[in-house]
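Novice: here you go, sequence then predicted model.
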Amino acid sequence: MKNPILIIVAVVAIIAVAAVYVYRSGTNEVLVSPTPIESTTEGTTFAWLFAEAKTNNLDGLPKTDIFLTITYNHRSIERLVDTVPGGCSLLEGQIFEGDISTAGSVQCYAAGFGQQYRVTQSGNVFIVERKFFEEALPDITPPVYEWEAVSEFSFD
């Protein structure tokens, strides 16, 4: 007779794989914002949109595409700003130093690691900047990351 422990382990492994498949097949929607989230300042409109990324995620973690549309001086530019693991949301009332307060700030997060986004302006150029952040244990201080430009919207 075969080893009963090996049979039990095989059955448990098959059930676990089937359960993960059923769970994942019902949670594929990561559409955070079905319509753009808009804000306006002095004739400039900012509209953030978060949508499920159509990527092959080998790690099983859903990814989100971050889009931003800026309308300035009656011209609009829409761009894919970034694709990140996990989900994103607009930070209501959160203003980072140096950002355009009415552009809105975005935070994305998954599994202890995340990104924050802000919009700054230099003349007729709007710059989207990203800053990483990490969770930490009470006795460990996480690293501090600097803001870095990830996209520019030039209205020259």
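Specialist: Looks like it came in fine.
Novice: partner strands of whichever strand or helix holds Phe153 and their direction?
Specialist: Here Phe153, judged by DSSP states H and E, is contained in strand 148-154. Paired strands of strand 148-154, with direction, are strand 125-134 (antiparallel) (DSSP bridges).
Novice: and the end-to-end length of stretch 127-142?
Specialist: 26 Å (Cα to Cα, to the nearest Å).
Novice: quick one: contacts for the residue lying closest to Phe96 once chain neighbours are set aside?
Specialist: Spatially, and ignoring its direct neighbours in sequence, Phe96 is nearest to Arg118 (4.6 Å; Cβ to Cβ, 6 or more residues apart in numbering). C-betas here are computed from N, CA, C, even on glycine. Going by Cβ atoms under 8 Å, 6 or more residues apart in numbering, Arg118 touches Phe96, Gly98, Asp99, Ile100, Ala103, Ser105, Val128, Glu129, Lys131, Trp147.
Novice: ok, how many other residues are close to the last one?
Specialist: In this case it means Trp147. Counted with other Cβ atoms under 10 Å, the neighbours of Trp147 add up to 18.
Novice: how about the nearest residue to it, chain neighbours excluded?
Specialist: In space, Trp147 is closest to Glu129, 4.3 Å off (Cβ to Cβ, 6+ apart).
Novice: how about that neighbour, what does it touch?
Specialist: Asp99, Tyr117, Arg118, Val119, Thr120, Trp147, Glu148, Ala149, Val150.
Novice: tell me the one of those nearest Trp48?
Specialist: Tyr117 (8.6 Å; Cβ to Cβ).
Novice: what's the closest non-adjacent residue to the closest one?
Specialist: Closest residue to Tyr117 in three dimensions, ignoring its sequence neighbours and counting by Cβ to Cβ, 6+ apart: Val106, at 4.2 Å.
Novice: run the chain-centre distance for the helix or strand hosting the one you found.
Specialist: Taking DSSP H and E as the definition, Val106 sits inside strand 105-110. Chain-centre distance of strand 105-110: 5 Å, with Cα atoms, centre = their mean, to the nearest Å.
Novice: my guess is Gln115 meets Glu134, correct?
Specialist: No. At 10.7 Å, Gln115 does not count as touching Glu134 under the criterion of Cβ atoms under 8 Å.
Novice: comparing the two, which residue is more hemmed in?
Specialist: Gln115 (21 against 12).
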